[in-house]
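> no sequence on this one, just coordinates:
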């Protein structure tokens, strides 16, 4: 096990009928900005539950946050924060609304120039507005971590930041709010959570058996309930298991004391930035290629995953089983299925990695030219 | 899965060479009381590491906290807290020092009569002094939860309390500090952690597959490394895996959304209070009896544990495998091995449970007369 520091202060309120607890979780003595997305919360009853719980609070609203939330949108919200002297942000929606809330929270307290520098230069977040969440889409784990990914339309960039200052103070997770999600979002969420786990697991062995078992436990659960929750959206227990799996996938525990990869995410972010494919779609295309390229260095952990999660032998079989699992959720696995030309992707993505001097993977050995090979292999 | 609230704010600093981080974790601007036990920290180098890291801090000391820490001792420490205007407690030792620190922290802010009422009446803890820990004995999980168990010599009582106010602000876990532990304490720690997990697992199925897998992962790890870490005290990786298992066993995650039992603890506390057997020793004697008594209601989970943790079939085989695991660590399993007469234990323990109106177990169906049968079966 490697040395580590682990702390996750977010208060998780999990279960059906928990949204009314907002009443006691959101401060009453300061102006609050309720952030949401495209309006689904107005159709699925969540908005009524939230606003009904906040009758005594000072609520302002800002909607229209899109998937792959935009810097440009966040800066509009920041104007509202300043104008209305907002002191608490409430995210109601999925990971995109949460990621936007985190960036707005950090930007509101940023005194070192354009807040974009938090993303582009890794400028330090010294302070942030407190934020809370009602989660309606299990996928990103953003409800219980300090991570956020923001896109900039004008430059086709998609960049992450992390800070201890932007952990949600609380997150309410009511699986029933997810019953009306479109199947594509459920599929994406299952695969997003799966890939979050393996980015912290399928690396090299650091003799961290508890972390390995926890990671495998989330993977096993996703494999067990993924198809069930897709076919039976109102099966509460399957949806609850999926929702908690997605939170645990990126809550920090699994990644404490182990090597981490994240190259599928870094490559995937570029595919989303250039071609607009969903985050999880980009991951499902890239991951098998990243694993094939690192077959030797990941051999031990892929073999262990194959054995413990899928009951198959050897690293190739583990990769094949993962692809079969994604396919069972009707997830495309190739760039061509999105009409993306592999050579076009190679040119765009590797140019960017060369500019940034990026070396990906847990051993920093995936050079831009090896990324090019990965993309060609996923044509 | 049942509804739950989960929050654990403790900052865990894990790994070799981490004690010097105390310098930045302990406040410099207030008087600090360093709490410790019988003096082993003066022999194993921990005291030097701690005091060397706190050269710029205002440190007072209070030693002599025993296993099964005493209310009487805590009240002496409380006098020091008041006299020296202590505002931060630093526990250096195992779970006993930590449990004492938590009670002292709560007692220092208690304004509702004798602090014993926190234990005897469940009087609410409205506030507590902040505390931090350097853990030198993996066992109780007290380093990352809000639980404490205190004994009162004068009345032969051993009672628990829980409060969100007494979570350690930070806990430093350096596996190397545990290399010099006597084998008996290592054996006890492995079994204590094992029983913590099963008290939150071997109940009835609540369809919480992630929690089940996490619980099984800790059990599997304890079974894998228990004997190794006992035989090879300076095997860092085995000791680290054991130490992290013990923390995860009672960190709150495994118990979120599931049914919990704790009857082995409640009965075991009485055996310790009356006969002075170590906490883990009492658990190893009682647990198999509790399981036999609840064989039907625990059938599904015991079978699952047998299958996933020990590779055996059926609840009886799971109980036998657990006993064999305890025995492989050279742990006695019967009251007689401690010279305790079963009928004497029945008389003392059941009288107390009858006075308190205790009904134990996840279904509250273990009446005092069923506890008597359990104790007789463990003669």
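Okay, I see it. These numbers were taken from a predicted model, which means no experiment stands behind them.

> Excluding covalently adjacent residues, which one is nearest to residue A:298?
residue A:202 (5.4 Å; CB to CB, 6 or more residues apart in numbering or on different chains). Where you see a C-beta, it was placed from the backbone N, CA and C, and this is true even at glycine.

> May I have the residues that are in contact with the one you found?
Applying CB atoms under 8 Å, 6 or more residues apart in numbering or on different chains to residue A:202 gives the contacts A:261, A:291, A:298, A:301, A:302, A:305.

> Just confirm the fifth one is within a strand.
No - the assignment for residue A:302 (DSSP: H, G, I helix; E, B strand; the rest coil) gives helix, which keeps it out of a strand.

> any idea of the pLDDT on the nearest residue to it once chain neighbours are set aside?
Once flanking residues are discounted, residue A:302 sits nearest to residue A:315: 3.7 Å by CB to CB, 6+ apart. Per-residue confidence at residue A:315 stands at 98 (pLDDT).

> show me the residues around residue A:315 that make contact.
A:291, A:295, A:298, A:299, A:302, A:303, A:306.

> Isn't residue A:261 up against residue A:195?
No - the criterion here is CB atoms under 8 Å, and residue A:261 misses it with residue A:195 at 10.0 Å.

> For whichever strand or helix holds residue A:214, list every residue counted as buried.
Assigned by DSSP states H and E, residue A:214 belongs to helix A:209-231. Across helix A:209-231, burial judged by 16 or more other CB atoms under 10 Å in any protein chain shown covers A:209-227, A:229-230.

> Rounded mean pLDDT for that helix, please.
98.

> could you say what helices and strands the helix or strand that that helix is followed by packs with?
Downstream of helix A:209-231, the first helix or strand assigned by DSSP H and E is helix A:236-249. If you count contacts as 3 or more CB pairs under 8 Å, 6 or more residues apart in numbering or on different chains; DSSP states H and E, helix A:236-249 packs onto strand A:4-14, strand A:170-173, helix A:183-199, helix A:209-231, helix B:209-231.

> quick one, helix A:236-249 and helix A:209-231 angle?
With axes from the mean of the first three to the mean of the last three CA atoms, to 10 degrees defining the directions, helix A:236-249 sits at 140 degrees from helix A:209-231.

> So for helix A:236-249, mean pLDDT?
If you average the pLDDT over helix A:236-249, you get 98.

> re the thing from before, okay, the helices and strands packed on helix A:236-249 in TSV with distance to residue A:54 next?
Putting the helices and strands packed on helix A:236-249 into TSV (distance: least, CB to CB, whole Å) gives the following:
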stretch	distance to residue A:54
strand A:4-14	15
strand A:170-173	12
helix A:183-199	26
helix A:209-231	30
helix B:209-231	31
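
> For residue A:344, which of those is the nearest?
Comparing these by their distance to residue A:344 (CB to CB), the top pick is helix A:183-199, with 23.6 Å.

> how about the helices of the stretch 51-200 of chain A, start to end?
A:71-83, A:95-108, A:116-120, A:183-199 (DSSP state H, counting those that start in this stretch).

> in the shortest one, what's buried?
Within helix A:116-120, the residues that count as buried by 16+ other CB under 10 Å are A:116, A:118, A:119.

> Stretch A:122-135 too?
For stretch A:122-135, by 16+ other CB under 10 Å, it's A:123, A:125, A:128, A:129, A:130, A:131, A:132, A:133, A:134, A:135.

> For residue A:341, state which of those is nearest.
Taking CB to CB as the measure, residue A:341 sits nearest to residue A:123 out of those, at 35.6 Å.

> Now for the closest one: which residues touch it?
By CB under 8 Å, 6+ apart, the neighbours of residue A:123 are A:110, A:112, A:113, A:117.

> got it, and residue A:76?
residue A:62.

> could you check the distance from it over to chain B?
Noted for residue A:76: a distance of 33 Å to chain B, by CB to the nearest CB, to the nearest Å.

> Show the pLDDT at that residue.
At residue A:76, pLDDT is 98.

> Is there a neighbour count for residue A:292? I'd like the number.
Residues near residue A:292, counting by other CB atoms under 10 Å in any protein chain shown, number 16.

> Quick check: closest non-adjacent residue to residue A:233.
Nearest non-adjacent residue to residue A:233 (CB to CB, 6+ apart): residue A:179, at 5.2 Å.

> and the angle for the helix holding residue A:214 with helix A:183-199?
170 degrees.

> Could you see whether chain B lies near helix A:209-231?
Yes - Helix A:209-231 comes into contact with chain B (CB under 8 Å from any CB of the partner chain), by way of A:209-214, A:216-218, A:220-221, A:224-225.

> Out of the contacts of residue A:202, the closest to residue B:356 would be?
Checking the contacts of residue A:202 against residue B:356 by CB to CB gives residue A:305 as the nearest, at 48.9 Å.

> Not counting its neighbours along the chain, what's nearest that closest one?
In space, residue A:305 is closest to residue A:318, 5.2 Å off (CB to CB, 6+ apart).

> Distance of residue A:339 relative to residue B:300?
50 Å (CB to CB, to the nearest Å).

> who has more neighbours, the two?
Higher neighbour count among residue A:339 and residue B:300: residue B:300, with 14 against 8, using other CB under 10 Å.

> per-domain residue ranges of chain A.
Per automatic domain parsing, the domain ranges recorded for chain A read A:11-176, A:183-377.

> among the ones you listed, which is nearest residue B:47?
Per CB to CB, nearest to residue B:47 of the domains of chain A: domain A:183-377, 26.6 Å.
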